[in-house]
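In: could you look at this predicted model? Sequence included:
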Amino acid sequence: MSTRHFLTLLDFTPAELQQLLQRAIQLKAMRNAGEVYEPFKNRVMAMIFEKASTRTRVSFEAGMAQFGGHAMFLSPRDTQLGRGEPIEDSARVISSMVDIVMIRTFSHSTVETFAAHSSVPVINALTDDFHPCQLLADMQTFQELRGSIQGKTVAWVGDGNNMCHSYINAARQFDFRLNIACPEGFEPRADLVARNADRVSLVESPEEAVRQADLVVTDVWASMGQEKEQRERIREFRGYQVSPALMDLATQDALFMHCLPAHRGEEVSEDMLDDPRCVCFPEAENRLHAQKALIEFLLQDLIIRR
C-alpha cells in the first residue's frame, strides 16, 4: 500500500473526509469520557516547525501523547534544515527514523518536496498556500453544532490567504457555496477560484458576502511573515472587520469562526469573540480531535490491536 500524505484537502476523497470528521467526534467523546486509547505506543511523530505556533504544536503533541506515542519538536535552529541541507536528504533521513512527519513552514513546495522523498506519511500543518488541518477542525465544529455543511453558504471576509484557499478546497470537498469578500489586490489565487467557479464567488463587499450565510469566517489581515505590511494592510482592509452588526446579516443560526490568534479591533471587533455566535474556542479545541483522527487514518496499518 502506497504511503498517503495530507498536504491539501484534495489528497482525500469527500467520503474519506467525512469519515475523518465522524471519527474525530468519536475520539473527542472517548477523551471526554476518560477512556484511554493508546494505539500508537512507541510510535514517533517528527514535528518540523519553520513557523512559530501555539495551537498546532499543542494539538499535535498532545494528540500523540494521548495515543501513547511521542512527538519530537524540530526547529531550523536545532537541525541541519536550518543550515542548508537539501529537503530531499532531510526527508530521507528523518522519515527513516520516525513513523509520521508534520511540517509547518512557509513555501508549499517544501512540504511537497519532503513528501515526495519521505517513506512515511507527511502532514501539512500550514504553509503560505494552504492550512488543511484547520479546515478539518472547522468542518468538525460546524457538523457538531449545525449538522452537515453540504448545501450551506459560507462567507469569507478578509485576506485571500492560505485559509481562504483551503476554504475554496473545502467548498469543493464538502459541497457548500463560498462567498469571498477581499479588498482589491488581496484576492485568493485566481486558478483556485476558476477551478471552483461553480461554487465560489468573489463579491464586492463583506455585507454582500455575509447576507444569509450559515457560517462567517475571517483571519488576521497580516499573516506570519507579513508583519512589515501591517500598517498598509490595516488601511487597505478598513471596512472588512467582522462584528456583531455584520453577523446580523447572516442567517439567524449562523456561526462565526476564526482560526486564531485574533487581533481584536482589526479583523474582528472588540466584542465579536464574546458574541454567542462565535465558536472560535471550540473550533480551536477541535484541532486536537480532528488531527488525532487524521493521524489514526494515516497510520491505520500500525494500530496496536487490543
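Out: Arrived safely. Just so it is clear, the model here is predicted, and its values are computed rather than measured.
In: for the rest of this, base every contact and every neighbour count on C-alpha atoms.
Out: Noted.
In: stretch 49-58: end-to-end distance?
Out: 12 Å (CA to CA, to the nearest Å).
In: same question, stretch 96-106
Out: Stretch 96-106 end-to-end distance (CA to CA) = 24 Å.
In: what's in contact with that stretch?
Out: 43-51, 95, 111, 119-128, 299 (CA atoms under 8 Å, 6 or more residues apart in numbering).
In: how about the helices in this protein?
Out: 14-32, 55-66, 87-95, 108-116, 132-146, 162-174, 190-195, 206-210, 230-236, 244-247, 280-298 (DSSP state H).
In: and the angle from the first one to helix 280-298?
Out: Between the direction of helix 14-32 and that of helix 280-298, the angle (axes from the mean of the first three to the mean of the last three CA atoms, to 10 degrees) works out to 110 degrees.
In: same question, the second one
Out: Helix 55-66 and helix 280-298 meet at an angle of 50 degrees, taking the same axes, to 10 degrees as the criterion.
In: ditto for the fourth one
Out: Between helix 108-116 and helix 280-298, the angle comes out at 30 degrees (the same axes, to 10 degrees).
In: now do helix 108-116, average pLDDT.
Out: The pLDDT scores in helix 108-116 average 97.
In: chain center to it: distance?
Out: Relative to its parent chain, helix 108-116 has a centroid offset of 17 Å by CA atoms, centre = their mean, to the nearest Å.
In: elements contacting it?
Out: helix 87-95, strand 122-124 (3 or more CA pairs under 8 Å, 6 or more residues apart in numbering; DSSP states H and E).
In: what residues of that helix count as buried?
Out: His108, Thr110, Val111, Glu112, Phe114, Ala115 (16 or more other CA atoms under 10 Å).
In: just the closest of the residues you listed to Val279, please.
Out: His108 (28.5 Å; CA to CA).
In: am I right that that closest one is in contact with Thr127?
Out: Yes. Counting by CA atoms under 8 Å, His108 touches Thr127, with 5.3 Å between them.
In: and stretch 13-26, how far out from the chain middle?
Out: Per CA atoms, centre = their mean, the centroid offset for stretch 13-26 relative to its chain is 15 Å.
In: contacting residues around it?
Out: Against stretch 13-26 from outside (CA under 8 Å, 6+ apart): 136, 139-140, 144, 173-174, 289-294, 297.
In: can you list those residues in TSV and add distance to Asn161 and pLDDT?
Out: Formatted as TSV, the contacts of stretch 13-26 follow (distance: CA to CA, whole Å; pLDDT from 0 to 100):
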residue	distance to Asn161	pLDDT
Leu136	17	98
Met139	18	99
Gln140	21	98
Glu144	26	98
Gln173	19	98
Phe174	20	98
His289	24	98
Ala290	22	98
Gln291	22	98
Lys292	25	98
Ala293	26	98
Leu294	23	98
Phe297	28	98
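In: buried ones from those residues, can you make that a PyMOL selection?
Out: To isolate the buried subset of the contacts of stretch 13-26 in PyMOL, counting by 16+ other CA under 10 Å, use the following:
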select buried, resi 136+139+140+173+174+289+290+291+292+293+294+297
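In: re earlier: show me the one of the helices and strands packed on helix 108-116 that comes nearest Gly185.
Out: Checked against CA to CA, the stretch from those lying closest is strand 122-124, at 26.5 Å.
In: could you say what helices and strands the closest one packs with?
Out: strand 100-104, helix 108-116.
In: could you dump these into JSON lines with distance to Arg77 added?
Out: Listed next are the helices and strands packed on strand 122-124 as JSON lines, based on distance: least, CA to CA, whole Å:
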{"stretch": "strand 100-104", "distance to Arg77": "14"}
{"stretch": "helix 108-116", "distance to Arg77": "17"}
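In: wait, which of those is closest to Asn169?
Out: helix 108-116 (15.2 Å).
In: residues making contact with the closest one?
Out: 5, 7, 87-88, 90-91, 103, 105, 121-122, 124, 127-130.
In: which single one of those residues is nearest to Val210?
Out: Distances from Val210 to the contacts of helix 108-116, taken by CA to CA, are shortest for Phe130, at 22.8 Å.
In: can you pull the poorly scored residue ranges out of the protein?
Out: Applying pLDDT under 70 to the chain picks out residues 1, 80, 82, 224-228, 305-306.
In: break it down into its domains, please.
Out: Structurally, the chain divides into domains by the TED database as follows: 5-131+285-305, 134-284.
In: rewinding a little: and the helices of the chain: which comes nearest Ala262?
Out: helix 280-298 (9.6 Å).
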